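*Asks:* Need a 3D model of the following:
(2 chains)
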There are 2 protein chains.
Amino acid sequence: MADVLQKFTSSSPGRALLRRLGVQGPVVLPRHEPGRPEIAGPVLLGGTDAGRLRPALAGILRGAGVPVLRGDGADGPDHGPDPAALVFDATGLCGSAALAELYEFAHPLVRRLPVGGRVVIVGDVPEAAGSAGAATAAHALEGFTRSLGKELGRGGTCQLLRADPGAEQALDSPLRFLLSRRSAYVSGQVVRVGPPVGAHPSPRAGAPQAGRTVAVTGAARGIGAVVAELLARDGAHLLCLDLPARREELERTAARIGGTALAVDVTAADASEMIAAHLRERHGGVDVFVHNAGVTRDRTLARMARAEWDTVLDVNLGAVERITAALLADGPGGPVLRDGGALVCTSSIGGIAGNRGQTNYGAAKAGLIGLVRALAPVVAGRGVRVNAVAPGFIETDMTARMPLMVREAGRRMNSLGQGGLPVDVAEAVRWLAEPANAGVTGQVLRVCGQSLIGA
Amino acid sequence: MADVLQKFTSSSPGRALLRRLGVQGPVVLPRHEPGRPEIAGPVLLGGTDAGRLRPALAGILRGAGVPVLRGDGADGPDHGPDPAALVFDATGLCGSAALAELYEFAHPLVRRLPVGGRVVIVGDVPEAAGSAGAATAAHALEGFTRSLGKELGRGGTCQLLRADPGAEQALDSPLRFLLSRRSAYVSGQVVRVGPPVGAHPSPRAGAPQAGRTVAVTGAARGIGAVVAELLARDGAHLLCLDLPARREELERTAARIGGTALAVDVTAADASEMIAAHLRERHGGVDVFVHNAGVTRDRTLARMARAEWDTVLDVNLGAVERITAALLADGPGGPVLRDGGALVCTSSIGGIAGNRGQTNYGAAKAGLIGLVRALAPVVAGRGVRVNAVAPGFIETDMTARMPLMVREAGRRMNSLGQGGLPVDVAEAVRWLAEPANAGVTGQVLRVCGQSLIGA
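*Replies:* Presented below is the predicted three-dimensional model:
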């Protein structure tokens, strides 16, 4: 029973095994609280000699009010206060030998990071690097990042920001997010930042979504309700959608955040038209649409009924496709989804790595990844961005119904040694929806504590 | 101790957990034996109505001498002999609703597969699909494939072949490999096939490398020695390279397969020039170069000495870069690596997912992925292909030195429930080096039994 696993994971070889696999004993992750600074300082900023982004990164940090230590001199590795975060500009690497500069920077510093410390490495996009040697070095950063993420421990996270040419103008929002306590359950990830899509306001403290309309499906409870809450706190008007059977709960959620409710089954034949018409008529359109509603019907393929296939494909993927099409279709005054808007889909680790008993769910959640990547360039001309989150093990009603052992394994098999909370996914959605985050589109952000599981 | 894990994994909840995670009890994997047919038949071939590749796939199977059952009629799902493999043409999907055809095909058939059964799904490349809807459906296939790989059990494997426009002429070798017993430890993978690079002979039984010269580093023992053996069996002359300290073992290995030996430390200052000159002068060039030599120096970054960083980066990455450059440099009569040649690098799951204590190894092995992707288009004009294998847990000297618990976990945490053998990696290298495999370049093939671990 559970105590066998408990006994094993508490034993010395068990702990050694979990440590070796990058699984750390859990700490309480420092998370963002309204009114507190988003980024813990100071940040120690370093980089290679060839790095082209150090001035831009320093400017962003100063703009965020964070003390910046320089990684190359008087307040460098061996002097001055301990840093709360490390940022390293690894752009411009010409060959793999230059990677030693990253080793020299990080080696003496990682043990000085506090609980919840942050490491962000900024590199080139391998496909955009000028030579095979530069592409090799740029891709090596990924293996370094994912390895370091597995050994930081104590709630520390490590990410790689890949900057396309022209990304300088859009690095502010990604760097702030990854350094902040809002990304508490995001680690070992690679985020690509391109030149800004459409207009790109600076990050605004307080109300980045002021005056905007946001719609969230599956918003009555769980992750969807927290997404709605965070975006309402950012100043948006929220339209909360969920099943008619959850109307009362939905209306309470909407009322609590000053939003409105629309009870609709997203798989109904007229749902997409109905939602689009509601947004157009009542709100004059929508700025952010969060496809959060989802269901599972787990069964191995050999035993899966056609209805279990159809339901999962339709709720998780078909409805998303139809609603998206309705939001983007031309109409009086243009599409319902306004210029400069954002779509956020909810994929899953299961859509990346597959999962036993989830050929239906894995297919649907992988389909969303295909949708996000294919749609992003199509709508970029209007300044619209399309992204997805891919949650790992999150403490929700869905995971609470898992068998105990599976639940325990899911909680432990990640670099942070614990399950995430709905707010961790909601913070990622909030960031992807943030108007200032103009350089991130067509991407899938895992919110999984760097789960071991992947493809 | 080990018996705690043993006890847990043998207990009912333990088995349930491992099953749920897609970890199956091990079976003896059917592997290829010389003189026996490569593909177990019959193969049941199905596809969507829109599929464009069914005739080509049927032709390949008939050319390989495999009985083909049709998945749509008299000898379909409920009649005729049980298939040894399923092949489904899922190209041309216009939208996610059409995915139900894949469910209808596979649902009744998967339980009729034998031990070591094969499932190969052929789909479009999402980036090349004609619409967002087509890209969505094409990407959904990946989640389906990876999920089914985790539930087949009994040594069964499931892969997705992504066919670019023009790939028809190059599908033969990939389809044969994935259906054969040569791919026993490859599962849950996505292989992209493009139009052929350079000349593209048909697969030849017997001696596909006849008259060609192949060089393998780290060939004295382990995986490298098996790679050399398989390629010698395919008709190549083998130049076996390894450290001077292993000269005797190296010479024995080379003699056993009728090859020659060159003792050289690949990290020596003059190694790349020396190897290139040797190949040019003694062999008139080289057709296939396999970068197999590698070392680890595991240590967390905080404790890692600079020498541990440098050694791992230089052996696993720097030497590969320098030797590759020397092979591709212009010289009298052209580059040492001949037109129509192939380079195969040895990456690792650690280069994909990162690994605790391996910031050095993870960076180096990820760098190789960057190298392979960046170099492939550069050399395609000469018909040269560049690929990598990424082994998971393989039973070698390196893994034999792991702590017992880590070793046991590595063996179990994959869909086939066991570690791979050196021959499994060697078969993948052999396939990537096969002249007929002209449509596969710039890719990384995991040989990991569908390890749970990924990014």
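*Asks:* Do a quick rundown of the strands in the stretch 201-350 of chain A.
*Replies:* Assigned by DSSP state E, counting those that start in this stretch, the strands in the stretch 201-350 of chain A fall at A:213-217, A:237-242, A:260-263, A:286-291, A:337-346.
*Asks:* Now render those strands as JSON lines, adding distance to B:Gly381, mean pLDDT and mean neighbour count.
*Replies:* Bear in mind the C-beta positions are built from the backbone N, C-alpha and C, glycine included. Output for these, formatted as JSON lines (distance: least, C-beta to C-beta, whole Å; pLDDT from 0 to 100; neighbours: other C-beta atoms under 10 Å in any protein chain shown):
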{"stretch": "strand A:213-217", "distance to B:Gly381": "49", "mean pLDDT": "98", "mean neighbour count": "29"}
{"stretch": "strand A:237-242", "distance to B:Gly381": "53", "mean pLDDT": "98", "mean neighbour count": "27"}
{"stretch": "strand A:260-263", "distance to B:Gly381": "57", "mean pLDDT": "98", "mean neighbour count": "19"}
{"stretch": "strand A:286-291", "distance to B:Gly381": "43", "mean pLDDT": "98", "mean neighbour count": "27"}
{"stretch": "strand A:337-346", "distance to B:Gly381": "39", "mean pLDDT": "98", "mean neighbour count": "24"}
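*Asks:* list the contacts for A:Thr253?
*Replies:* Residues in contact with A:Thr253 (C-beta atoms under 8 Å, 6 or more residues apart in numbering or on different chains) are A:Ala219, A:Ala220, A:Arg221, A:Ala225, A:Ala228, A:Cys240, A:Gly259, A:Ala261.
*Asks:* The first one: what's it in contact with?
*Replies:* Read it as A:Ala219. Shown in contact with A:Ala219 (C-beta under 8 Å, 6+ apart): A:Ala225, A:Val227, A:Ala228, A:Leu238, A:Cys240, A:Leu241, A:Asp242, A:Leu250, A:Thr253, A:Ala254, A:Asn292.
*Asks:* from those residues, which single one is nearest chain B?
*Replies:* Using C-beta to the nearest C-beta, A:Asn292 comes nearest to chain B of the contacts of A:Ala219, at 17.9 Å.
*Asks:* is it true that that closest one touches A:Val227?
*Replies:* Yes. With contact defined as C-beta atoms under 8 Å, A:Asn292 counts as touching A:Val227 (6.1 Å).
*Asks:* who has more neighbours, those two?
*Replies:* Ranked by neighbour count (other C-beta atoms under 10 Å in any protein chain shown), A:Asn292 and A:Val227 place A:Val227 first, with 32 against 27.
*Asks:* Could I get the contacting residues of the more buried one?
*Replies:* Neighbouring residues of A:Val227 by C-beta under 8 Å, 6+ apart: A:Val216, A:Ala219, A:Val290, A:Asn292, A:Val425, A:Ala426, A:Val429, A:Arg430.
*Asks:* and the contacts of A:Thr253, which two are the farthest apart?
*Replies:* The most widely separated members of the contacts of A:Thr253, counting by C-beta to C-beta, are A:Arg221 and A:Gly259 (14.4 Å).
*Asks:* which one of the two has more residues nearby?
*Replies:* Of the pair A:Arg221 and A:Gly259, A:Gly259 is the one with more neighbours under other C-beta under 10 Å, namely 23 against 17.
*Asks:* The more buried one: what's its closest spatial neighbour, skipping adjacent residues?
*Replies:* Nearest non-adjacent residue to A:Gly259, counting by C-beta to C-beta, 6 or more residues apart in numbering or on different chains: A:Leu238, 3.2 Å away.
*Asks:* does the one you found really touch A:Ile257, like I thought?
*Replies:* Yes. Counting by C-beta under 8 Å, A:Leu238 touches A:Ile257, with 5.7 Å between them.
*Asks:* list residues touching both of those two?
*Replies:* Counting by C-beta under 8 Å, 6+ apart, the common neighbours of A:Leu238 and A:Ile257 are A:Ala228, A:Ala232.
*Asks:* So which of the contacts of A:Thr253 belong to helices?
*Replies:* Among those, the ones falling in helices (DSSP state H) are A:Ala225, A:Ala228.
*Asks:* a markdown table for the contacts of A:Thr253, including distance to A:Val186?
*Replies:* Below are the contacts of A:Thr253 laid out as a markdown table (distance: C-beta to C-beta, whole Å):
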| residue | distance to A:Val186 |
| --- | --- |
| A:Ala219 | 22 |
| A:Ala220 | 26 |
| A:Arg221 | 23 |
| A:Ala225 | 21 |
| A:Ala228 | 20 |
| A:Cys240 | 25 |
| A:Gly259 | 26 |
| A:Ala261 | 30 |
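*Asks:* list the contacts for the closest residue to A:Val286 other than its chain neighbours?
*Replies:* Of all residues not flanking A:Val286 in the chain, A:Leu279 sits nearest, at 4.5 Å (C-beta to C-beta, 6+ apart). Shown in contact with A:Leu279 (C-beta under 8 Å, 6+ apart): A:Thr213, A:Ala215, A:Leu239, A:Gly285, A:Val286, A:Leu327, A:Val336.
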